[in-house]
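[1] Need coordinates for the below:
(one chain, ligands or ions: 2)
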Amino acid sequence: MIRVIIAGATGWVGRALVAAVHEAPDLALVAAVARSAAGRDAGEVAGIGPIGVEIVPDVDAALAVQADVLVDYTKPGAVKEHALKAIAAGCHVVVGTSGLGAEDYAEIDDAAEERGIGVIAAGNFSITATLMKRFALEAAKYVPDVEIIDYAAAQKPDVPSGTARELAETLSFERQHPTSRPIDDLTGIRETRGGAIGLSTPVQVHSVRMPGYRLSCEVLFGLDDERLALRHDAGSSAAPYVGGTLLAVRKVAEKPGLRRGLDSIMD
Ligand SMILES: NC(=O)C1=CN([C@@H]2O[C@H](COP(=O)(O)OP(=O)(O)OC[C@H]3O[C@@H](n4cnc5c(N)ncnc54)[C@H](OP(=O)(O)O)[C@@H]3O)[C@@H](O)[C@H]2O)C=CC1
Ligand SMILES: O=C(O)C1=N[C@H](C(=O)O)C[C@H](O)C1
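    Ligands and ions are numbered 1, 2, ... in the order given. The predicted model follows:
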C-alpha cells in the first residue's frame, strides 16, 4: 500500500485526487493539506462523504504522519518549500503545481539525489498534453523555427503556464537555431516577441491571459511557405490530470532524483 499525502486537497485538482486515491485499492490517503479548511474531513470537502482524514493546515503537520509520497497541487509560491521539506523527511514527491523553473528544479534534484528520494514533476499530467510535447519534440528535429503561445484564464497567477514552460525548456535542448532575426537586432518594442525560455537554444513563449480561456497551448513550427500547429486545449474538469498523477505516485519511488514530464514515465 502506498501512503499518500495530498497538499492542496481542497483545490480544483486536489479534490479530484482525494476521491481517486480513496478509491484506489493500492493507495491510502494518510494526510491532506489546505489552510482554510483545516480541521474538516478531506472526503467531505471532496464531495465523497467522510473518509476519516482530517485536513491539516501545513505540510509540516502532514509529514509528521508516516507517508511514502507527497503530491503537491497548491500554489507557485508554496510548492518548492513543500517539495524540499518532503525530501528532507524521506518522502517521495509528485509535483503538479506550476511556477517552478529550471533552477528551482536543479535545486530539488540535488536534494533528492542526496537523500535517494524520487521526484516526478510535470507541467501537465494529461495524456494528450503529453502527446503534444512528444510530437513537438519530434517536429523540432526537422524544423528550426518554433514558438509557443500559452493561453490561460485571466486570474491564473503564474506565467507562462507550467505546460508551456516545461515544453520550452525541453525543446531548447532538441531544437536547431531559428532562422528568424535575433531579437537584439530588432527595432521597435522587443517585448512583443515574447519571453525566451530554455537553457540551450531558448524558445520564444507568448502568454495570453483573459476570460474565456482555461488553458491552451499552441506550438507553431514554420518552414518556407508551410506551417505546422500543434495545440492542446484543457477542458473544465480536473479529470485529465488524475490518471497521470496517480501513475507518477506509483512510479516515483523507482528511481532517485528528479524526472520531468509525464513522458519520462510513459512507455
Ligand atoms: N501539472 C498539471 O497537470 C496541472 C497543474 N496545475 C497546477 O496546479 C496548481 C493547483 O491548481 P488548482 O487545483 O487549480 O488550484 P486551486 O487554487 O483550486 O487549489 C489550490 C489548493 O492549494 C491549497 N493551498 C494554496 N496555498 C497553500 C499553501 N501555502 N499551503 C498549503 N496549501 C495551500 C488551497 O487551499 P488553501 O488556500 O485553503 O490553503 C487549495 O486546496 C496550479 O499551479 C496549477 O497551475 C493544475 C492542473 C493540472
Ligand atoms: O492553472 C491551471 O488551471 C492549469 N495549470 C497547468 C499549467 O500551468 O500548465 C495545467 C493545467 O491545464 C491547468
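[2] Give me the nearest residue to residue 113, chain neighbours excluded.
    In space, and not counting its chain neighbours, residue 113 is closest to residue 257: 4.6 Å by C-beta to C-beta, 6 or more residues apart in numbering. C-beta: built from backbone N, CA, C; applies to glycine.
[3] Hmm, I typed the wrong one, I wanted residue 10.
    Per C-beta to C-beta, 6+ apart, closest to residue 10 is residue 34, 4.1 Å.
[4] pretty sure that neighbour contacts residue 8?
    Yes. Using C-beta atoms under 8 Å, residue 34 is in contact with residue 8, at 6.4 Å.
[5] Check the contact lists of the two and give me the overlap.
    residue 14 (C-beta atoms under 8 Å, 6 or more residues apart in numbering).
[6] residue contacts, residue 63?
    Neighbouring residues of residue 63 by C-beta under 8 Å, 6+ apart: 5, 31, 70, 85-86, 89, 91.
[7] switch to 7 Å and redo it
    Contact analysis of residue 63 by C-beta atoms under 7 Å, 6 or more residues apart in numbering lists 85-86, 89, 91.
[8] By neighbours, which of those residues wins?
    residue 86 (30 neighbours; other C-beta atoms under 10 Å).
[9] buried stuff in stretch 180-195?
    194-195 (16 or more other C-beta atoms under 10 Å).
[10] next one: stretch 118-137
    118-126, 129-130, 132-133, 136-137.
[11] out of the contacts of residue 63, who's nearest residue 261?
    Proximity of those to residue 261 (C-beta to C-beta) peaks at residue 86, which lies at 19.8 Å.
[12] host element of that closest one?
    Element membership for residue 86, per DSSP states H and E: helix 76-88.
[13] hmm, back to that, how many residues are close by the residue nearest to residue 10?
    Using other C-beta under 10 Å, the number of residues around residue 34 comes to 22.
[14] got a markdown table for the contacts of residue 63, with pLDDT too?
    Output for the contacts of residue 63, formatted as a markdown table (pLDDT from 0 to 100):
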| residue | pLDDT |
| --- | --- |
| 85 | 98 |
| 86 | 98 |
| 89 | 98 |
| 91 | 98 |
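[15] can you pull the pLDDT of the closest residue to residue 48 other than its chain neighbours?
    Leaving aside its chain neighbours, residue 48 sits nearest to residue 19 (5.0 Å; criterion: C-beta to C-beta, 6+ apart). You'll see residue 19 listed with a pLDDT of 98.
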